[in-house]
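**Q** Dropping a prediction and its sequence here:
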Amino acid sequence: MTQPKPLRQFVAACRVTDGTAFSLAGHRTDDDGGLGMDKQAGGEALKDAVSRISDQQERLYADARWSVLCIFQAMDAAGKDGAIKHVFSGVNPQGVQVEPFSAPSTRERAHDFLWRHAIAMPRRGHIGVHNRSWYEEVLVARVQPSILRAAPLPPALVGPQIWAERLEDIAAHERYLARQGVLILKFFLHLGEQEQRERLVARIDEPAKNWKFQAGDLADRDRWSDYMAAYDEAIRATAAPHAPWFVVPADRKWLARLLVAEAVAGAMESLDLQFPSLDPSARSSLLRARDALA
């Protein structure tokens, strides 16, 4: 089933390929795109998108020339885990690699900040899903100065210029990856501050969700405006046609999942992936094998 035009238009409105005049203030966290769709209808549309991703994954694996990298960034409780779980629920696990990135280990800190992400890149024919990414080094490390102070870097390289330099490095790295056949899709799940408060309260009130709550969640809420400013700058500096950002309204979990799934399905379909075809000689050999089996 082809996605409805209003849904395509909504996904396109979320897509940012030129950050020149970008501002998160221009993107509502509760936007519904005028779809007139409820949760039940959204669930059915999600099933269709998941099926299309599954079909494209099989072609991606067989073609074995492209790879797909999906990056998820968001504030706490925005629904990254749930989006990943639902969007990729129909894929073959053999062709998908999910990497969650928490604070760097001692070994990882001994390398450049891109190293731990580079070694986790999906190989050709595979989908890589990164729950947080190299952007943490221009978000968390920027908002919390103690992280940068603890980094094993030469003092001369640590100064106000480091954030612009890191964003320049990220943009160059993504351009390099795109030139190597990596389809890059970056998702920022744009959650409202009030909606986050309600979700954090639910994590406290519901025993089954207690494990998700961390004391640092409250500290990050106190820095909300600083994080939004850091995201603004990161998206402005790295949005490009070959590495687009999708700023997804995340106040409705079901809608955020649908938009992500549609974006992934549509982007993979745009690659026009085909199953490998055989030349006449190989086809003749295949027919002889069939005769032997008969």
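**A** Good, I have the coordinates.
**Q** In stretch 145-152, which residues are buried?
**A** Buried residues in stretch 145-152, counting neighbours by 16 or more other C-beta atoms under 10 Å, are absent. To be clear about C-beta, it is placed using only N, CA and C from the backbone, and glycine gets the same treatment.
**Q** Pull that stretch out as PDB, backbone CA atoms only.
**A** Extracted C-alpha coordinates of stretch 145-152, given in PDB (Å, rounded to 0.1, in the frame of the first residue of the first chain):
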ATOM      1  CA  PRO A 145      31.200  21.300  31.000                       C
ATOM      2  CA  SER A 146      32.600  18.700  33.500                       C
ATOM      3  CA  ILE A 147      32.500  16.100  30.800                       C
ATOM      4  CA  LEU A 148      34.800  18.000  28.500                       C
ATOM      5  CA  ARG A 149      37.100  18.900  31.400                       C
ATOM      6  CA  ALA A 150      37.500  15.200  32.200                       C
ATOM      7  CA  ALA A 151      38.300  14.300  28.600                       C
ATOM      8  CA  PRO A 152      41.900  13.300  27.900                       C
END
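**Q** What is the distance between it and the centre of its chain?
**A** Averaging C-alpha positions (C-alpha atoms, centre = their mean, to the nearest Å) puts stretch 145-152 26 Å from its chain's average.
**Q** what mean pLDDT does that stretch have?
**A** The average pLDDT within stretch 145-152 is 93.
**Q** outside of that stretch, which residues touch it?
**A** Taking contacts as C-beta atoms under 8 Å, 6 or more residues apart in numbering, the residues outside stretch 145-152 that touch it are 109, 110, 140, 141, 142, 158, 162.
**Q** Out of the residues you listed, which is nearest to residue 234?
**A** Closest to residue 234 out of the contacts of stretch 145-152 is residue 142 (8.9 Å), distances taken as C-beta to C-beta.
**Q** Next, the contact list for the nearest residue to that closest one once chain neighbours are set aside, please.
**A** Nearest non-adjacent residue to residue 142, counting by C-beta to C-beta, 6 or more residues apart in numbering: residue 230, 5.1 Å away. By C-beta under 8 Å, 6+ apart, the contact set of residue 230 is 138, 139, 142, 143.
**Q** Now residue 230: which helix or strand?
**A** helix 224-238 (DSSP states H and E).
**Q** Using CSV, write down the CA coordinates of that helix.
**A** Provided in CSV are the C-alpha atoms of helix 224-238 (Å, rounded to 0.1, in the frame of the first residue of the first chain):
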residue,chain,number,x,y,z
TRP,A,224,16.3,22.2,29.0
SER,A,225,16.9,25.6,27.3
ASP,A,226,20.6,24.8,27.0
TYR,A,227,19.9,21.5,25.4
MET,A,228,17.5,23.0,22.9
ALA,A,229,20.1,25.6,22.0
ALA,A,230,22.7,22.8,21.5
TYR,A,231,20.2,20.8,19.3
ASP,A,232,19.4,24.0,17.3
GLU,A,233,23.1,24.5,16.5
ALA,A,234,23.8,20.8,15.8
ILE,A,235,20.9,20.5,13.3
ARG,A,236,21.8,23.8,11.7
ALA,A,237,25.4,22.7,11.2
THR,A,238,24.8,19.2,9.9
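**Q** returning to that earlier point: kindly supply the PyMOL command isolating those of the contacts of stretch 145-152 that are buried.
**A** Buried subset of the contacts of stretch 145-152, written as a PyMOL selection, criterion 16+ other C-beta under 10 Å:
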select buried, resi 140+141+142+162
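**Q** Pass me the low-pLDDT residue ranges in the protein, would you?
**A** In the predicted model of the chain, residues 1-4 satisfy pLDDT under 70.
**Q** Spatially central residue for it, please.
**A** With distances taken as C-alpha atoms, centre = their mean, residue 71 lies nearest the centre of the chain, 2.5 Å away.
**Q** coming back round to it: after the helix holding residue 230, which helix or strand is next?
**A** Trace forward from helix 224-238 with DSSP H and E and the next one is strand 245-249.
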